[in-house]
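Trainee: no FASTA, just this:
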């Protein structure tokens, strides 16, 4: 068994990534809220036509925008040289006369993030509220 320990640098980078994601969500929500009280025509002029316009309450509408981002991480092969089983945590069988190599393949992954943003618009054309939902998917290549 190969033991892996997390380095302090990896832990710090993981923490930093979590903080950035949390800040990104907070700033995204604030950006959406900044449209509340403004005219829907301003939003359309800035963002373009919505994907859908749904009927809302009391003669209003709901403007729906959707964006998708994709990312692909290539696969890789990890090759480790081990001498007579010393690095793998157990005694080497007697037939290991020379150094051995362990090869591990890691598949490529494709991730996709879809964000749906919705704006509720009153009958007089003012944005009264907003919301967003994110969905992340990860696929492994076959």
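Mentor: Looks like it came in fine. What you see is a predicted model; the values in this text were computed from it and never measured.
Trainee: residue ranges of the helices in the chain, please?
Mentor: Here the chain has its helices, by DSSP state H, at 8-33, 40-47.
Trainee: ok, of those, where does mean pLDDT dip lowest?
Mentor: Per-stretch mean pLDDT for these is lowest at helix 8-33 (a mean of 54).
Trainee: where does this protein have its least confident helix or strand?
Mentor: Every helix and strand of the chain was ranked by mean pLDDT, DSSP states H and E. The lowest is helix 8-33, at a mean of 54.
Trainee: spell out the residue ranges of the strands in the protein.
Mentor: Assigned by DSSP state E, the chain shows strands spanning 52-55, 61-73, 76-82, 100-106, 109-121, 127-140.
Trainee: got any ranges where the protein has weak pLDDT?
Mentor: In the predicted model, the chain carries pLDDT under 70 at residues 1-27, 82-100, 140-142.
Trainee: swap in 50 and give it another go.
Mentor: 1-24, 85, 87 (pLDDT under 50).
Trainee: any idea which of the strands of the chain is most buried?
Mentor: strand 109-121 (a mean of 17; mean count of other Cβ atoms under 10 Å). Backbone N, C-alpha and C define where each C-beta goes, glycine included.
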